[in-house]
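A.B. asks: Next one to model:
(one chain, ligands or ions: 1)
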Amino acid sequence: MSIKRIAIAFSGEGSNLEVLIESLHQKTFGDFKVKVVAAITNNPKANGIKRAQKHGIDVIMIDHRAYESREAFDEALVAEIKALDVELMVLAGFMRILTPVYTKQIRSINIHPSLLPAFKGANALERSFDSAEKIAGVTAHFVVEEVDGGEIIMQKSFDKSGMDFETFKEKIHACEHELFPKAVIEVLG
Ligand code: GAR
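C.D. replies: A predicted model of the protein is given here:
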């Protein structure tokens with residue numbers, strides 16, 4: 001039985017982080033077992049820190065404010081990730097634009113609250129809600145230099161007709177929580 005080592009990066013609430021830990025960490029899928037070796041955050045106030053620690057996962061803090069450029073932050077991030085010896089980085093609400101310093105060296109996947117290629121970038125959830133499109137959803141995709149531009153792994157969609165913003169937001173998060181662990185397993189498998 002092989003062990004597949006992953007790490008998860010987050011910046012805020014950490015609901016995806018927690019679902020990923022609960023559904024993947026130390027669990028067996030076919031002929032491999034997943035180990036979440038660490039969680040990484042750029043935000044000392046992120047609620048996800050408590051969520052990771054509750055499950056006994058070490059949290060590595062790399063505060064982006066301590067770095068003078070995006071590239072300098074990415075170099076520090078890459079060094080930490082290389083030291084972890086993981087085969088996949090999972091970005092779960094990690095709110096940083098990553099430069100080629102990162103994207104060329106680290107294999108990563110991300111979850112995004114829209115049906116890409118629609119609504120790339122910031123405030124995607126709000127823009128998707130406000131749009132005239134009837135169908136909304138979430139996307140798991142590979143991370144490349146172009147923000148939210150990497151190959152799509154999986155999507156989940158729903159009809160948002162008649163939903164208020166709170167219901168819509170809950171539905172988006174529920175879809176993410178269902179889809180993202182499946183996407184990680186698909187990529188690792
Ligand atoms: C999620 O909805 C995720 O799709 C979004 O941040 C939220 C994090 O929630 N990510 C992006 O918008 C990336 N561009 P969480 O901290 O509760 O997992």
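
A.B. asks: May I see the buried residues of stretch 71-90?
C.D. replies: Across stretch 71-90, burial judged by 16 or more other CB atoms under 10 Å covers 73-78, 80-81, 86, 88-90. All C-beta spots, glycine's among them, are computed from the backbone N, C-alpha and C.

A.B. asks: So which of the residues you listed belong to strands?
C.D. replies: Cross-referencing these against strands under DSSP state E gives 88-90.

A.B. asks: and this structure, which of its residues are near the ligand?
C.D. replies: By the rule CB under 6 Å from any ligand atom, the part of the chain lying against the ligand is 10, 12-17, 48, 92-93, 111-113, 124, 176.

A.B. asks: Most neighbours among these, please name it.
C.D. replies: Neighbour counts for the residues of the chain next to the ligand (other CB atoms under 10 Å) peak at L17, which has 31 neighbours.

A.B. asks: so what's that residue up against?
C.D. replies: Residues in contact with L17 (CB atoms under 8 Å, 6 or more residues apart in numbering) are 8, 10, 39, 48, 51-52, 92-93.

A.B. asks: can you do 6 Å?
C.D. replies: The contact partners of L17, by CB atoms under 6 Å, 6 or more residues apart in numbering, come to 8, 10, 48, 51, 92.

A.B. asks: go on, H141?
C.D. replies: 110, 150, 152-153.

A.B. asks: would you say it is within a strand?
C.D. replies: Yes - using DSSP: H, G, I helix; E, B strand; the rest coil, the secondary structure at H141 is a strand.

A.B. asks: Just the contacts of L17: which are in helices?
C.D. replies: If you go by DSSP state H, these have 48, 51 in helices.

A.B. asks: Would you format the contacts of L17 as a markdown table with pLDDT and distance to K120 included?
C.D. replies: Formatted as a markdown table, those follow (pLDDT from 0 to 100; distance: CB to CB, whole Å):
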| residue | pLDDT | distance to K120 |
| --- | --- | --- |
| I8 | 99 | 22 |
| F10 | 98 | 20 |
| G48 | 98 | 23 |
| R51 | 98 | 27 |
| A92 | 98 | 18 |
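
A.B. asks: Kindly indicate which of the contacts of L17 lies nearest D130.
C.D. replies: Nearest to D130 among these, counting by CB to CB, is A92 at 24.3 Å.
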